[in-house]
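Peer 1: Sequence and predicted structure below; questions after.
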Amino acid sequence: MLQIQFFSLIRMLLKRDAIDIPWADGDTVQSVLEKTQQQIATPFLHKLLDEQGAPHAGTIILVNRKNILHLQGLQTPVADGDVLAFFPPGAGG
Amino acid sequence: MAEPDRYDRQVLHWGAKRQQIIQKSSLLIAGVGGLGATVSQLLVRSGIGRLYLVDDGRLDWPDLNRQTLYGEKDVGRPKLPLAKERLNQINASTEIIELHGRIDDAFEVPVDVAGVADCLDNYQSRFALYRAVPKGTYFVHGGLSGDHGQVLTLKAGESQPFDEVFAGAVQPQDNIPVTPDNVVIIAGLMVNELFRILWKTPKLLDRCLVVDLDDFNMAFLDI
């Protein structure tokens, strides 16, 4: 099982702070995102990805606390038990 | 009430020993705008020993909704000497040291600070600030947009670097919405954590407190 955590505007949009998704061999961040959208039945990938399917600047995606931009991006493999977090931080002050 | 009674109400809460630590400690406040004006003010009211301030901006009208050290007559003036003047008026026993210049890769953090408060409003400066933090020194980040904000503590050299955690967090092109109430709440949380790092008991080390004020939700994001 994978735990998917939602923070800030993503949490508000999806009206939940976490969801468990069954893990399958070969899963990546990309495939988990698609499965998550399917399970929640609320379109949200457009908030995270641009038209080319790349992550929008502004939303941090972590796998086990590591930013996927320092891993393999959306193609980062995920293992059973991993925790994925989606967090759009506030930039102002 | 005489000067010796100044800290009575807070000492009732946290005790004389913790008060002494505050009064002997130094912190760097990066940015004396929305977050930094309140963070520095609360620290000075608490009796912090020394504050280094850095900010190269001038006060503008849109700053006045939330930058609690300044008023209408200050518009157009550089914030750094204004902040020093106002903080000195609040508590003359805190030593205020102005650091002039920009926060870039040439910036150096004074070695005597126990912590650095990131009260900046853009990621480029935040990343440069973090790179300047000496190993073993705490870095307390605050940021917000509208009803959403966060506070996170990292320890330089031990935690994941700030610019790695926040990689991809690009600055929005448009002005960021910031209201007086929400910025003061995030600033207050930052000060609460700054006290804790002085006492060596941080609550948010490698743990981001994500604050959503539209439904009063707080959650931890482990970093």
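Peer 2: Thanks, I have the structure now. Note that this is a predicted model, so its numbers are computed, not measured.
Peer 1: in chain A, which helix has the most residues?
Peer 2: helix A:29-40 (DSSP state H).
Peer 1: Okay, now the unreliable bits of chain B?
Peer 2: Applying pLDDT under 70 to chain B flags the ranges B:1-2.
Peer 1: could you pull out the helices for it?
Peer 2: Going by DSSP H, chain B shows helices at B:8-14, B:16-24, B:34-46, B:79-90, B:123-132, B:162-165, B:180-198.
Peer 1: touching chain B at all, the longest helix of chain A?
Peer 2: No. Counting by C-beta under 8 Å from any C-beta of the partner chain, chain B is not contacted by helix A:29-40; separation bottoms out at 13.0 Å. C-betas here are computed from N, CA, C, even on glycine.
Peer 1: sorry, back to before: and of the helices of chain B, who's closest to chain A?
Peer 2: Proximity to chain A (C-beta to the nearest C-beta) singles out helix B:34-46 among those, at 4.3 Å.
Peer 1: For chain A, tell me whether that closest one is touching it.
Peer 2: Yes. Judged by C-beta under 8 Å from any C-beta, helix B:34-46 and chain A are in contact via B:34-36.
Peer 1: Most tightly packed of the helices of chain B?
Peer 2: helix B:34-46 (a mean of 25; mean count of other C-beta atoms under 10 Å in any protein chain shown).
Peer 1: Helices of chain A, residue ranges please.
Peer 2: So, for chain A - with DSSP H - the helices run A:8-14, A:29-40, A:45-48.
Peer 1: out of the ones you listed, nearest to B:Arg86?
Peer 2: When the helices of chain A are compared for distance to B:Arg86 using C-beta to C-beta, the nearest one is helix A:8-14, at 32.5 Å.
Peer 1: can you list the residues of chain A near chain B?
Peer 2: Taking C-beta under 8 Å from any C-beta as the contact definition, chain A meets chain B at A:5, A:7-9, A:11-12, A:17, A:55, A:57-62, A:65-67, A:69-70, A:85, A:87-93.
Peer 1: Pull out the buried residues from the longest helix of chain A.
Peer 2: A:29-33, A:35-37, A:40 (16 or more other C-beta atoms under 10 Å in any protein chain shown).
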